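> Structure here, sequence nowhere to be found:
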Ligand SMILES: Cc1cc2nc3c(=O)[nH]c(=O)nc-3n(C[C@H](O)[C@H](O)[C@H](O)COP(=O)(O)OP(=O)(O)OC[C@H]3O[C@@H](n4cnc5c(N)ncnc54)[C@H](O)[C@@H]3O)c2cc1C
């Protein structure tokens, strides 16, 4: 069995699977991916039919990154020969003076030259009568927004990484990482491998992996959830008639047209209880569900119907909600990516960036805001702001 690899990826969730894929395009059989559970397990952050993808973001840097996210997905779609992004258009809406100012989003899109429309309540109701918005509500519509097909995207990364020669092992928990002579020894499932470059994409388990390099980040893991509703108004919630949407306030809600299940999906962004990857339960939080139902009753009542199911999932939050995407200062041969609870849309691009950090030691994308040594991540008790 081959034990020496140029590149090892720790964690094969959304980001790690993508890293293995992009590494394999350039390094084929020199890539080993290690996943502690089965591949496509539901204990992490990346599982479900859909995740929102959008250009509409709160800073011009994210808008620019999102542009490249679409390009990376498109390259994977061409390679895998299947569609992985479904454009539905996207509506960001809120009352005027909301906690998440729409002006940050329109300003960032203006700065990046991304077209969008500013809609008043009457226009929102005219286009989508499913939204029962009052006249004090306004919105931004961006036509490129839509669905990143998470389950299919993850499967495509894994399948195509293998097609390009990578070895991906499941049930291979990495127990120990040891820097040796500029390389890294990786012990997983009792087997010790060695690599020149290591990529860590461990999601909610990131601090366990980083501990072997003497690092600990102020990450907060929360249990979040989404619910599918069996609306009796199915035709009105098909992706060609209903956009993805985000309610830009505190609390923040978001939702999808029917995709993957027989009804639309909705959730609250960041309303979940703190937990750990090891101690979390899979039980839905009924209070959180009640908040989503109440929101839908007010603004999208026709979406409601019998609950198909509620599915729980983890967020790994940095205090500023920005990603970590960097090499370790004392170990430049180790790259790390952590998603901040809004990272799926970028998965393929992040995989590409992590592969570039590993192979070239640099990337053309601007990852400066995501430095692991940024001040916010050095504080013992950093002030947190999850509303972006
Ligand atoms: C409910 C919910 C809704 C979301 N909605 C959106 C959205 O609409 N749009 C969006 O862009 N993002 C969204 N996100 C965020 C996005 O899904 C995550 O940012 C992204 O999936 C993070 O992927 P990851 O690879 O970092 O984590 P994971 O997918 O959890 O992958 C980490 C992997 O590492 C493995 N691992 C960890 N430690 C070890 C070890 N020692 N050995 C081996 N393997 C190990 C784990 O088992 C896991 O498979 C949402 C998240 C949730 C929970």
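Good, I have the coordinates. Predicted model, so just to flag it, every value in this text is computed and none were measured. Numbering: from 1, shown residues only.
> If you count neighbours, what's buried in stretch 257-267?
Applying a neighbour-count criterion of 16 or more other Cβ atoms under 10 Å, one finds 257-261, 263-267 buried in stretch 257-267. All C-beta spots, glycine's among them, are computed from the backbone N, C-alpha and C.
> Return the closest of the residues you listed with respect to the ligand.
residue 267 (5.6 Å; Cβ to the nearest ligand atom).
> and the closest one, that one's in a helix?
No - Residue 267: not assigned to a helix; according to DSSP: H, G, I helix; E, B strand; the rest coil it is strand.
> what residues are up against it?
The neighbourhood of residue 267, defined by Cβ atoms under 8 Å, 6 or more residues apart in numbering, consists of 224-227, 253-255, 292.
> Let me know the closest of those residues to the ligand.
residue 224 (4.1 Å).
> And for that closest one, the neighbour number?
Residues lying near residue 224 (other Cβ atoms under 10 Å) number 21.
> same deal with the one 5 residues further on?
When neighbours are counted by other Cβ under 10 Å, residue 229 registers 26.
> for the one 10 residues further on, same thing?
Residue 239 is flanked by 19 other residues according to other Cβ under 10 Å.
> element containing it?
For residue 239, there is no enclosing helix or strand under DSSP states H and E.
> I'd guessed it sits against residue 147; true?
Yes - Residue 239 is within contact range of residue 147, at 7.1 Å (criterion: Cβ atoms under 8 Å).
> what do those two both touch?
86, 88, 259.
> Ignoring the adjacent residues along the chain, who's closest to the last one?
In this case it means residue 259. Nearest residue to residue 259, sequence neighbours excluded (Cβ to Cβ, 6 or more residues apart in numbering): residue 50, at 5.1 Å.
> just the first one next, same as before
The spatially closest residue to residue 86, leaving aside those adjacent along the chain, is residue 147, at 4.4 Å (Cβ to Cβ, 6+ apart).
> contacting residues for the one you found?
Taking Cβ under 8 Å, 6+ apart, one finds 50-53, 85-86, 88, 239, 244, 256, 259 in contact with residue 147.
> for the ligand, what are the nearby residues on the stretch 251-388 of the chain?
Residues of the stretch 251-388 of the chain lying close to the ligand (Cβ under 6 Å from any ligand atom) are 267, 313-315, 339, 341-345.
> rerun that using 8 Å as the cut-off
Contact residues, the stretch 251-388 of the chain versus the ligand (Cβ under 8 Å from any ligand atom): 254, 267, 269, 277, 311-316, 337-347.
> wait, doesn't residue 309 sit right on residue 226?
No - the criterion here is Cβ under 8 Å, and residue 309 misses it with residue 226 at 9.4 Å.
> of these two, who's got more company?
A direct count of neighbours by other Cβ under 10 Å for residue 309 and residue 226 places residue 226 higher, at 23 against 12.
> For the spatially closest residue to the more buried one that is not a sequence neighbour, name its beta-bridge partners.
Residue nearest to residue 226 in three dimensions, not counting chain neighbours: residue 267, with 3.9 Å by Cβ to Cβ, 6+ apart. As for beta bridges, residue 267 partners with residue 226, residue 254 under DSSP bridges.
> please renumber so the chain begins at 24
OK, 24 is where the count begins now, so the last one is residue 290.
> From residue 231, how far off is residue 290?
Applying Cβ to Cβ, to the nearest Å, the value for residue 290 to residue 231 is 27 Å.
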